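Trainee: Prediction below, plus the sequence it came from.
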Amino acid sequence: MGVTDPAGPVMDRDEVDRALARLGAEHEAIETSLLALQDHAGRRLLEGAELTGVTKERWTTAEASITLLWAYFDAYTDALRSARDIRARRRWSSRDDLVELTELLRGESVTVAGSASATANAPTLNGGSGKLSEQFTLATLVDRMNELYATSLDMVVTADAVWSALPARIDLLAAELQRTRRLAHSVGVRPGEHPAGDDLERITRTLTHLRAEVVSDPLAYWLPAQGSSAPGGGRPDTTVYDREARALEDVRREIDAVLTVRQDAEQRLVKLRDVLSRADRTLAEARTARGEVLAKIAATEVPVVSGPPTVLQEQLATAAEYRRQAQWHRLSPLLESLEQKAEDELLRARESLTAVTAPLAVRAELRGRLDAYKAKVARHGLAEDPFLIERYDAARRMLWSAPCDLRVAEQAVLRYQQAAAELLGGPRVPGPRGPEDRRGPGS
């Protein structure tokens, strides 16, 4: 009689060899995962950190789980080695060998003796009893290792993700906070004298406390992803950080308002000069582009590009003179008027450039459409069709010649598209005015 309980019928040699191959592959995968966990930067950081709160509790459990994992793996390794040794005794295993292999590969033949602390602290998965020694089948042992590995990796990856994200961001915000404090002090914004100064003190205390908590208890700042079972599924909780970042931004705006009283005029004049300079450059670019369009595009009306208005430059010079003479009551309304006019002038220059270069954009679109259809034709094996080649070459000559008549070139592209569509069996490509011939009926 064969072995029927608990290992089941006696395995034959082929079943044994297949089982050993599968178990060997699992052994290699598990070993690779355990070594990666052992070398994980997050695990090394956890080992050296002074932890508190939920992180300390979970790391105590995770450490015990990792210890138990290695005990399980060693037992698994020993059992696999024993099975391989038995199989290697003879090329054709005897029935006694097969009975022994069946019990080893399928029965509860693996005994794991864990330390008291490891067994007490490790989670008892799948109804585990937490005993100092347990009996497993190899399959059950693999399941236990996978579950322990997943929970341990989740803890390590989560802590590492928080440490990788939050402390660096807090440090950057703290550096910005210090710069803001120095600037605030220079303009008289101090604690007890200005609300923004009090806010800066509060933000400083909060960021200091937040960083200490994140370093010692990173898991307290983790938001798990809903419905995710993958290790590290979720994201760092940046609620406190984001709130303080917004508060610092509000303080910066307050300080800017104070600085504006002293620095506003010069900054606004510099910006005005920049806007008007950009408008002039844009108009110059539009004039250059107009010449290019006239040379390359035929039968197209290209709008004339006007020159920059001299009145704005004259008013800008007047504003600079007001500032030199400290005539703030005159400078303020003039700056407000100039800022609006300068933005309008820049917008007008950009619109002029867009209008002038529109024909080139149309030509580029037609070129792209032509090449796209050519690629589509090639994918369907019709690249060598003489009729299509003739129509493609005709359209290409028109689009790559100068000057290019866009209306004629568009018709050539449409004729190529229509011919391609007919050969491909698709719907007929309509002309710009719809399915009817653009010449109209009866022409």
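Mentor: Looks like it arrived, so ask away. Residues are numbered from 1 along each chain as shown.

Trainee: mind listing the helices for the stretch 1-150 of the chain?
Mentor: For the stretch 1-150 of the chain, the helices defined by DSSP state H, counting those that start in this stretch cover 13-39, 41-48, 53-87, 95-106, 116-121, 138-186.

Trainee: would you turn the ones you listed into CSV with distance to Lys296, mean neighbour count and mean pLDDT?
Mentor: Every residue, glycine included, has its C-beta placed from N, CA and C. Shown next, in CSV, are the helices of the stretch 1-150 of the chain (distance: least, CB to CB, whole Å; neighbours: other CB atoms under 10 Å; pLDDT from 0 to 100):
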stretch, distance to Lys296, mean neighbour count, mean pLDDT
helix 13-39, 60, 14, 86
helix 41-48, 58, 15, 83
helix 53-87, 67, 18, 87
helix 95-106, 79, 18, 80
helix 116-121, 78, 15, 44
helix 138-186, 50, 18, 89
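
Trainee: okay, those in CSV with distance to Ala361 next?
Mentor: Supplementary listing: these in CSV, determined by distance: least, CB to CB, whole Å:
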stretch, distance to Ala361
helix 13-39, 53
helix 41-48, 51
helix 53-87, 58
helix 95-106, 72
helix 116-121, 69
helix 138-186, 42
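
Trainee: can you tell which of those helices is closest to Phe387?
Mentor: Closest to Phe387 of those is helix 13-39 (CB to CB; 58.6 Å).

Trainee: how far is that closest one from where the chain is centred?
Mentor: 34 Å (CA atoms, centre = their mean, to the nearest Å).

Trainee: So what pairs up with the most centrally placed residue in the chain in the strands?
Mentor: Central residue of the chain (CA atoms, centre = their mean): Arg235, 13.1 Å from the mean position. Arg235 forms beta bridges with Leu223, as assigned by DSSP bridges.

Trainee: Help me confirm that it comes into contact with Ala225.
Mentor: Yes: counting by CB atoms under 8 Å, Ala225 is a contact partner of Arg235 at 7.4 Å.

Trainee: Can you give me the distance of the residue nearest to Ala113 when sequence neighbours are not counted to Val112?
Mentor: Using CB to CB, 6 or more residues apart in numbering and skipping the chain neighbours, the partner closest in space to Ala113 is Ser133 (4.3 Å). Ser133 sits 6 Å away from Val112, going by CB to CB, to the nearest Å.

Trainee: Of those two, which one has the most company?
Mentor: Val112 (20 against 9; other CB atoms under 10 Å).

Trainee: residues in contact with Thr282?
Mentor: Leu346, Ala349, Arg350, Ser352, Leu353 (CB atoms under 8 Å, 6 or more residues apart in numbering).

Trainee: and the protein, what are its domains?
Mentor: What automatic domain parsing lists as the domains of the chain is 13-161, 359-424.

Trainee: Could you export those as CSV, including distance to Thr310?
Mentor: Shown next, in CSV, are these (distance: least, CB to CB, whole Å):
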stretch, distance to Thr310
domain 13-161, 60
domain 359-424, 30
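
Trainee: The longest helix along the chain: what's the following helix or strand?
Mentor: Using DSSP state H, we find that the single longest helix of the chain is helix 239-296. Downstream of helix 239-296, the first helix or strand assigned by DSSP states H and E is strand 297-298.

Trainee: helices or strands next to that following strand in the packing?
Mentor: When contacts are defined as 3 or more CB pairs under 8 Å, 6 or more residues apart in numbering; DSSP states H and E, strand 297-298 packs onto helix 328-379, strand 404-405.

Trainee: One more pass at 7 Å, please.
Mentor: strand 404-405 (3 or more CB pairs under 7 Å, 6 or more residues apart in numbering; DSSP states H and E).

Trainee: The longest helix of the chain to helix 328-379, inter-axis angle?
Mentor: Orientation of helix 239-296 against helix 328-379 (axes from the mean of the first three to the mean of the last three CA atoms, to 10 degrees) gives an angle of 70 degrees.

Trainee: Compute the inter-axis angle for helix 239-296 and helix 138-186.
Mentor: Going by the same axes, to 10 degrees, helix 239-296 makes 80 degrees with helix 138-186.

Trainee: I'd like the average pLDDT over helix 239-296.
Mentor: If you average the pLDDT over helix 239-296, you get 84.

Trainee: so how far is that helix off the chain centroid?
Mentor: That offset, for helix 239-296, works out to 29 Å (CA atoms, centre = their mean).

Trainee: Also stretch 135-143?
Mentor: 40 Å.

Trainee: coming back round to it: compare the domains of the chain and report which one is nearest to Arg287.
Mentor: domain 359-424 (14.6 Å).

Trainee: what's the span of that closest one, first residue to last?
Mentor: 31 Å (CA to CA, to the nearest Å).

Trainee: coming back round to it: of the contacts of Thr282, closest to Leu334?
Mentor: Taking the contacts of Thr282 together and measuring to Leu334 by CB to CB, the closest member is Leu346, at 18.4 Å.

Trainee: now the nearest residue to that closest one once chain neighbours are set aside: how far from Leu69?
Mentor: Sequence neighbours aside, Ala279 is the residue nearest to Leu346 in space, at 4.3 Å (criterion: CB to CB, 6+ apart). Remark: distance between Ala279 and Leu69 (CB to CB) = 68 Å.

Trainee: what do you get for His194?
Mentor: Taken as CB to CB, the span from His194 to Leu69 is 58 Å.

Trainee: quick revisit: can I get the contacts of Thr282 in CSV with neighbour count, distance to Leu382 and pLDDT?
Mentor: CSV is the format used below for the contacts of Thr282 (neighbours: other CB atoms under 10 Å; distance: CB to CB, whole Å; pLDDT from 0 to 100):
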residue, neighbour count, distance to Leu382, pLDDT
Leu346, 20, 49, 89
Ala349, 23, 47, 87
Arg350, 16, 43, 88
Ser352, 22, 44, 84
Leu353, 20, 40, 84
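
Trainee: Out of these, the closest to Ala372 would be?
Mentor: Using CB to CB, those come closest to Ala372 at Leu353, 27.0 Å.

Trainee: got a list of what the closest one touches?
Mentor: Applying CB atoms under 7 Å, 6 or more residues apart in numbering to Leu353 gives the contacts Thr282, Glu285, Ala286, Ala289.

Trainee: Disregarding flanking residues, what is the spatial nearest neighbour of the third one?
Mentor: Across the structure, with CB to CB, 6+ apart as the measure, the residue nearest Ala286 apart from its sequence neighbours is Leu353 (4.1 Å).

Trainee: Equivalent analysis for the first one, please.
Mentor: Counting by CB to CB, 6+ apart, the nearest residue to Thr282 once its immediate chain neighbours are dropped is Ala349, at 3.8 Å.
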